[in-house]
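**Student:** Quick one, structure for this:
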Amino acid sequence: MNGLYVYLSVLAVYFIVGTGIAVYSRRKGVKTSSDYYVAGYKLGGFLSAMTYAATTYSAFMMIGLVGFAYATGVGAFGFELLYLLSTVALLALFSKKVWRLARERKWVSPAEMLGDLYGSKWLSILVAIVYLFALLPYITAQLVGLGNMLQGVGSAYWVGIVLGAVIVFLWTYLAGIWSVASTDAYQGLWMILSAIAFILWLLFALLPSKGLSLGEATRILGEKGLLGITGFWAPTVFLAFTLPWLFFAVTNPQVVQRLYMPRDEKALKAMIKYFLVFGFTYTVIVTLIGLFARSLSLVGALPDLTKARDLVTPTLISMANPLFGAIVFTSIVAAAISTMDSIILTLSSSASRDLYARLREKPSHRVELTIGYATITLLVIIVSVMAWFKPGYVVELSVLSSVILLPLAPITLAAWILPERVRGKQAYAYTALIIGAGMGVYASLIYGPKKAFITTWLGIPVSAWILVVSTIIVAAGLLAKRKS
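**Tutor:** Predicted coordinates:
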């Protein structure tokens, strides 16, 4: 029981400090929807980078990727590293253009951006609906994870649900993106510093205490083939896992929206640079934790968790000093919270901008903000209720979120590369989005969401088919002549 008190005490400190930061961020003032959702395009480089990183890296890293590396070897590092490299490449190629256009055209939501570029308010509405469908289960899965984590340290499941809901609502509601960006910086620092401390403890305290040197653990991993490409990472499996993430930076609205926010080009460049440093460091650390945890299992110091890989990090944490374990545990809570509040705020911006402002000739900023506040409240209630009943399909469907959003890759890239050519071609965008997202949903219904992720048609993963089909449709639109 004493251990539980330590965990709850550290969580309380995390909550109090974060709330103080969120309250302090209100000094920036929120008068318009652009102030609330994109900080009036005034974020500095550090805040821009930290909110991008904390939003991108959810609890999947310290739970999911640790388990992947543990069970499947260093191939998990390649899978995640390709995501990072593709994201940085896309940012280097397009961020400046998107940042400039967002200022010129006063974009707030990513759906609004696509509707504007294609010249169709109805495309904005369709994209906003797809965002909601694809991302709502993912938010719920994060909240389910918080409940399970609290339950795992001896608390009640409902405590995690209530805690997560209260934090997300409060920090998002207080000052919009100013609250979210400020608390993301706080949470991002907690995440990376805790990860560094955790790997140092694992390598230089836990391994030696179990009679393993760093060199010996590395040798054991090499002998088992875990430092090379294991049988799990067949080409089709690697493609299925990697392809959706390669375009994460252009398909997921919570990160696209962050391209609007830096206050100048210097801040934009700093965002990309700091994100690269954060992402690479975090990915290396998380992979090493999984690999060296596996070496402990191979010598009998840990149970075999290959069939329960999400338990690797909790098992390691349980072996640490309660205070240290609570700090690392809280970093995982921070990762989940930062992802949740960012997505909820982005979905709120779509509701206020795409389902209200785009349909009014003279929208009211006050009404936009009221709709935004109401949407945040409604979303928090919905995901809390869904998480309360632990719907198993939600966790599985969250894996497919990026697949359902994948048709937005060619739609968005075409608009960024050739904005003058896509205008008036919204019919092709509708078709690509409906067919592409429909293929992902169809596969999940027929095979089950989890199996559909790695199912192949004619030897090609479903995600590849979605990308190819939607790209062909968009390309046909670019080649088609406009009606005079």
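**Student:** Distance check, the residue sitting nearest the centre point of the chain against S401.
**Tutor:** The C-alpha lying nearest the average C-alpha coordinate of the chain belongs to T56 (CA atoms, centre = their mean; 4.0 Å). Counting by CB to CB, to the nearest Å, the gap from T56 to S401 is 13 Å. C-beta coordinates here come from the backbone N, C-alpha and C atoms, glycine included.
**Student:** Between the two, which contacts overlap?
**Tutor:** The contact sets of T56 and S401 do not overlap (CB atoms under 8 Å, 6 or more residues apart in numbering).
**Student:** Hmm, V255 and the residue nearest to the centre of the chain touching each other?
**Tutor:** Yes - proximity of T56 to V255 meets the contact threshold set by CB atoms under 8 Å, at 6.0 Å.
**Student:** what is in contact with the two at once?
**Tutor:** Shared contacts of T56 and V255 (CB under 8 Å, 6+ apart): F248.
**Student:** Show me where the stretch 251-400 of the chain has its helices.
**Tutor:** For the stretch 251-400 of the chain, the helices defined by DSSP state H, counting those that start in this stretch cover 253-256, 265-298, 312-318, 322-354, 365-388, 392-399.
**Student:** Take those helices and lay them out in TSV including mean pLDDT.
**Tutor:** Converted to TSV, the helices of the stretch 251-400 of the chain look like this (pLDDT from 0 to 100):
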stretch	mean pLDDT
helix 253-256	95
helix 265-298	97
helix 312-318	91
helix 322-354	92
helix 365-388	90
helix 392-399	56
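**Student:** I'd like those helices as JSON lines, with distance to Y5 and mean neighbour count appended.
**Tutor:** JSON lines is the format used below for these (distance: least, CB to CB, whole Å; neighbours: other CB atoms under 10 Å):
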{"stretch": "helix 253-256", "distance to Y5": "35", "mean neighbour count": "24"}
{"stretch": "helix 265-298", "distance to Y5": "26", "mean neighbour count": "20"}
{"stretch": "helix 312-318", "distance to Y5": "16", "mean neighbour count": "21"}
{"stretch": "helix 322-354", "distance to Y5": "9", "mean neighbour count": "25"}
{"stretch": "helix 365-388", "distance to Y5": "25", "mean neighbour count": "18"}
{"stretch": "helix 392-399", "distance to Y5": "29", "mean neighbour count": "19"}
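**Student:** With respect to L136, which of these lies nearest?
**Tutor:** L136 sits nearest to helix 365-388 of all those, at 6.9 Å, using CB to CB.
**Student:** Can you list the helices and strands that the closest one packs against?
**Tutor:** Helices and strands touching helix 365-388, by 3 or more CB pairs under 8 Å, 6 or more residues apart in numbering; DSSP states H and E, are helix 33-38, helix 121-152, helix 157-175, helix 322-354.
**Student:** May I have the residues that are in contact with the residue nearest to the centre of the chain?
**Tutor:** Taking CB under 8 Å, 6+ apart as the criterion, T56 is in contact with T87, F248, V255, F275, G279.
**Student:** any idea how far S463 is from it?
**Tutor:** Relative to S463, and taking CB to CB, T56 is found at 19 Å.
**Student:** Skipping adjacent residues, who's closest to V237 in space?
**Tutor:** Nearest residue to V237, sequence neighbours excluded (CB to CB, 6 or more residues apart in numbering): I454, at 5.6 Å.
**Student:** and the one you found, how many neighbours does it have?
**Tutor:** If you count neighbours by other CB atoms under 10 Å, I454 ends up with 17.
**Student:** hang on, it packs against A240?
**Tutor:** Yes - under the criterion of CB under 8 Å, I454 makes contact with A240 at 4.8 Å.
**Student:** hey, what's in contact with both of those two?
**Tutor:** Common neighbours of I454 and A240, counting by CB under 8 Å, 6+ apart, are P461.
**Student:** Alright, calling it a day.
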